[in-house]
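Peer 1: one predicted model, sequence on top.
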Amino acid sequence: MHRALLVSEILLEVFMHVNKVLDPYALILSYREMSLARKSFAALARTCKPFYDPAMDLLWAELDGIEPLLGCVTRLHPIIYRSGCSRRPHFEVIKPLSEHEARQFLHHAPRIRSLRILYDDYLHLLSFLPIEACMFPRLLSLSTDQNLNRYLHLFLSPMLRRCALPLVHPDLKSVPIRCAALEELFIKSSFGNVAADGQVLYDSIRLCKGLVNLACPPLNWTTWEHLSNLPTLLTLEIWDDRCSLGWRNLNFGPFLNLTRLYFCTRTAAYTVAVMQHVEFPSLNQFEMEVFMLPWAEAEPLFHALSRYKTLSHIAISSMRSSRNAQDLLGSSLTPIRQFLCFTQLRTLRFSFPSCCINLNNDLLLEAMSSWPHIRMLEFTDPQVVPTVTFRGLFAALHRCPRLHTLDIPLDAVNIDIDPTAESFQHFSLQHLNLTSSDISDAKAVARVVFSVLPSVDRIFPLHRRSSGVCLEVQRHLESFRASAVLGCHITGAASKT
């Protein structure tokens, strides 16, 4: 063995490439790839003594569940690894670990850095462990959608950076107390009991001193004030709005470094109150999913957002809107016009009824002229009758050379351009969605897209079901592309002869 491999830092760097060799571009490896990586690390650990510890550290670094640790217990090994059986063992009928078995269980626990708990039917096996015990002293990330009940403390490492829980745990305050290095706390749910759970959440967050990313049920003003004093906080997500902010004299400072806000609520009232009374001078991204968005709440929301000219990413979606939204026809206060002031926009996504009211060729041109840096534009409106034509679209595309994704309702029935006479081509646009557009002549639409938008190879997303006419447009588009490629090959071959 080469002497360089006796240096632990070099050896670890070599071993880290096992996953990258499998798929160097994958953000998340598939189950098959993860299984192959684990087998590779296990083989490396058995190779020689210098390889054992670094290979075992990587083998145990990430776990989905604690079953592999239970498999290290002599009594449980044949239960966990039953040959030819894919069903989960019935942990409910298994007796808790003894003191000796607990040592077997914890043998490799210090190697674990990331843990996802997928089930809770085996937690009673850990009842022997003392309340002050920490099973995973080097754990950096804990994620679960299970209620850990009285076992939460066993997973709280002093090194823990990330904690994702399904609800406000009664012992939530133990997380910031035991995990002073905590940077990310995610509780993406609503309150079970607003009064009791709310107080536990607020007290727990006020104990956090270094949060970077926070997702939680709605906060009261006192907790908002505490967070405004955390210079580390960069992103904040609010899930649900069952919390009355009330009125008070707000004099706390701005969130100097917060760049992203996300709200998932029933109505816009809570969001409007926050955006009206709190300062976010560095806010870059605003996202909101709201069940009901009547114009009476939408207008003050849009007005409150207009204070933040730093916004470059805005996404607002709602399942329902008010019936009187049609009263906005002809009004200058339509949703799109409210956002013309955001000259730094890179992404704008609207998905709610009546968001496209008054959207025509003239308004689209005005909007694109106001958003010269726009890269993604998506308007999804189930109530709209498309009035933007291809001529209006291409005139607007002149104003946004960086646009790469477009999803707006188009009137593709009345084709008002001749693609053979059109000299303009937009090369940046790569993703065009026509599923919400009116189409009658599929071949003519495909020819227009092929001639003017040469980088577009699909007219509907892969993950979305499409109607027959869109599939027909797609087939024609692919046929035009294949013919063009064949023509290039023939021309090239002829020129060589």
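Peer 2: Arrived safely. Residues are numbered from 1 along each chain as shown.
Peer 1: so for the helix or strand containing His100, mean pLDDT?
Peer 2: Take DSSP states H and E as the rule and His100 turns out to sit in helix 99-105. Averaging pLDDT along helix 99-105 gives 91.
Peer 1: parallel or antiparallel, which strands does the next helix or strand after that helix pair with?
Peer 2: Using DSSP H and E, the helix or strand that follows helix 99-105 in sequence is strand 114-117. Partner strands and pairing direction for strand 114-117 (DSSP bridges) are strand 62-64 (parallel), strand 141-144 (parallel).
Peer 1: how far does strand 114-117 sit from its chain's centre?
Peer 2: Distance, stretch centre to chain centre, for strand 114-117: 19 Å (C-alpha atoms, centre = their mean, to the nearest Å).
Peer 1: show me the helices in the stretch 301-450 of the chain, by range?
Peer 2: 335-338, 361-370, 390-397, 442-452 (DSSP state H, counting those that start in this stretch).
Peer 1: turn these into a markdown table, including distance to Val93, mean pLDDT and mean neighbour count.
Peer 2: No exception for glycine: its C-beta is placed from N, CA and C like everyone else's. Below are the helices of the stretch 301-450 of the chain laid out as a markdown table (distance: least, C-beta to C-beta, whole Å; pLDDT from 0 to 100; neighbours: other C-beta atoms under 10 Å):
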| stretch | distance to Val93 | mean pLDDT | mean neighbour count |
| --- | --- | --- | --- |
| helix 335-338 | 58 | 91 | 20 |
| helix 361-370 | 64 | 96 | 18 |
| helix 390-397 | 65 | 95 | 20 |
| helix 442-452 | 61 | 94 | 20 |
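Peer 1: of those helices, which is nearest Pro96?
Peer 2: Closest to Pro96 of those is helix 335-338 (C-beta to C-beta; 58.4 Å).
Peer 1: residues making contact with that closest one?
Peer 2: 298-299, 302-303, 306, 350, 354-359, 363, 367, 379 (C-beta atoms under 8 Å, 6 or more residues apart in numbering).
Peer 1: go through stretch 201-213 and flag the buried ones.
Peer 2: Leu201, Tyr202, Ser204, Ile205, Cys208, Leu211, Val212, Asn213 (16 or more other C-beta atoms under 10 Å).
Peer 1: which pair of the residues you listed spans the longest distance?
Peer 2: Greatest spatial distance among these (C-beta to C-beta): Tyr202 and Val212, at 19.2 Å.
Peer 1: can I have the buried ones of the contacts of helix 335-338 as a ChimeraX selection?
Peer 2: Buried residues within the contacts of helix 335-338, by 16+ other C-beta under 10 Å, are selected in ChimeraX with:
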select :298,299,302,350,354,355,356,357,358,359,363,367,379
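Peer 1: out of the contacts of helix 335-338, who's nearest Ser143?
Peer 2: Closest to Ser143, out of all of these and judged by C-beta to C-beta, is Phe350, at 31.8 Å.
Peer 1: need the contact list for that closest one.
Peer 2: Phe350 neighbours (C-beta under 8 Å, 6+ apart): Ile316, Ser317, Pro335, Ile336, Cys356, Glu378, Phe379, Thr380, Asp381.
Peer 1: low pLDDT regions in the stretch 301-450 of the chain?
Peer 2: Low-confidence segments of the stretch 301-450 of the chain (pLDDT under 70): 321-333.
Peer 1: where exactly do the strands run in it?
Peer 2: Along the stretch 301-450 of the chain, the stretches classed as strands by DSSP state E, counting those that start in this stretch are 313-321, 347-351, 376-380, 405-407, 411-412, 431-432, 438-439.
Peer 1: mind checking which of the ones you listed is nearest Met56?
Peer 2: strand 313-321 (42.3 Å).
Peer 1: paired strands for that closest one, with orientation please.
Peer 2: Determined by DSSP bridges, the sheet partners of strand 313-321 are strand 285-293 (parallel), strand 347-351 (parallel).
Peer 1: mind putting those into JSON lines with distance to His169?
Peer 2: Listed next are the strands paired with strand 313-321 as JSON lines, based on distance: least, C-beta to C-beta, whole Å:
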{"stretch": "strand 285-293", "distance to His169": "25"}
{"stretch": "strand 347-351", "distance to His169": "33"}
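Peer 1: so which of those is nearest Arg242?
Peer 2: It's strand 285-293; of the strands paired with strand 313-321, that one is closest to Arg242 (C-beta to C-beta) at 12.6 Å.
Peer 1: quick one: mean pLDDT over the closest one.
Peer 2: Rounded mean pLDDT across strand 285-293 is 95.
Peer 1: what are the buried residues along it?
Peer 2: Buried-residue list, strand 285-293, by 16+ other C-beta under 10 Å: Gln285, Phe286, Glu287, Met288, Glu289, Val290, Leu293.
Peer 1: surely Asp197 touches Val168?
Peer 2: Yes - look at Asp197 against Val168 with C-beta atoms under 8 Å: they come within range, at 4.1 Å.
Peer 1: what touches both of these two?
Peer 2: Phe191, Pro217.
Peer 1: the helices of the stretch 301-450 of the chain into CSV, with extra columns for distance to Gln276?
Peer 2: Compiled in CSV, those are given as follows (distance: least, C-beta to C-beta, whole Å):
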stretch, distance to Gln276
helix 335-338, 15
helix 361-370, 24
helix 390-397, 32
helix 442-452, 43
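Peer 1: do you know which of those helices lies nearest Arg116?
Peer 2: helix 335-338 (39.6 Å).
Peer 1: so how far is that closest one from its chain's centroid?
Peer 2: Remark: helix 335-338 is offset 26 Å from the chain centroid, using C-alpha atoms, centre = their mean.
Peer 1: one more: stretch 70-84?
Peer 2: 36 Å.
Peer 1: picking that back up, between the strands paired with strand 313-321, which one is nearest to Leu63?
Peer 2: Using C-beta to C-beta, the nearest of the strands paired with strand 313-321 to Leu63 is strand 285-293, at 31.3 Å.
Peer 1: what's next to that closest one, contact-wise?
Peer 2: Contacts to strand 285-293, defined as C-beta under 8 Å, 6+ apart, come from residues 259-268, 271, 301, 305, 308, 311-322, 352.
Peer 1: switch the cut-off to 6 Å
Peer 2: 260-268, 311, 313-321, 352 (C-beta atoms under 6 Å, 6 or more residues apart in numbering).
Peer 1: just to revisit the earlier point, in a markdown table, list the strands of the stretch 301-450 of the chain along with distance to Gly65.
Peer 2: Compiled in a markdown table, those are given as follows (distance: least, C-beta to C-beta, whole Å):
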| stretch | distance to Gly65 |
| --- | --- |
| strand 313-321 | 34 |
| strand 347-351 | 36 |
| strand 376-380 | 37 |
| strand 405-407 | 38 |
| strand 411-412 | 50 |
| strand 431-432 | 37 |
| strand 438-439 | 49 |
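Peer 1: Arg447: which of these is closest?
Peer 2: strand 411-412 (11.7 Å).
Peer 1: list the strands paired with that closest one, with their directions.
Peer 2: The sheet places strand 411-412 alongside strand 438-439 (parallel), with pairing taken from DSSP bridges.
Peer 1: now the strand it pairs with, how far from the chain's geometric center?
Peer 2: The answer for strand 438-439 is 32 Å, by C-alpha atoms, centre = their mean.
Peer 1: and Glu33, what pLDDT?
Peer 2: On the pLDDT scale, Glu33 is placed at 54.
Peer 1: go on, Leu129?
Peer 2: 80.
Peer 1: hmm, who's touching the helix or strand containing Ala195?
Peer 2: Element membership for Ala195 (DSSP H and E) is helix 194-205. Identification of contacts with helix 194-205 by C-beta under 6 Å, 6+ apart yields Val168, Leu172, Lys173, Pro176, Phe191, Thr223, Arg242.
Peer 1: which SSE is immediately downstream of that helix?
Peer 2: Of the helices and strands lying after helix 194-205 in sequence (DSSP H and E), the nearest is strand 213-216.
Peer 1: contacting residues around that next one?
Peer 2: Against strand 213-216 from outside (C-beta under 6 Å, 6+ apart): Glu184, Leu185, Phe186, Ile187, Lys188, Thr235, Leu236, Glu237.
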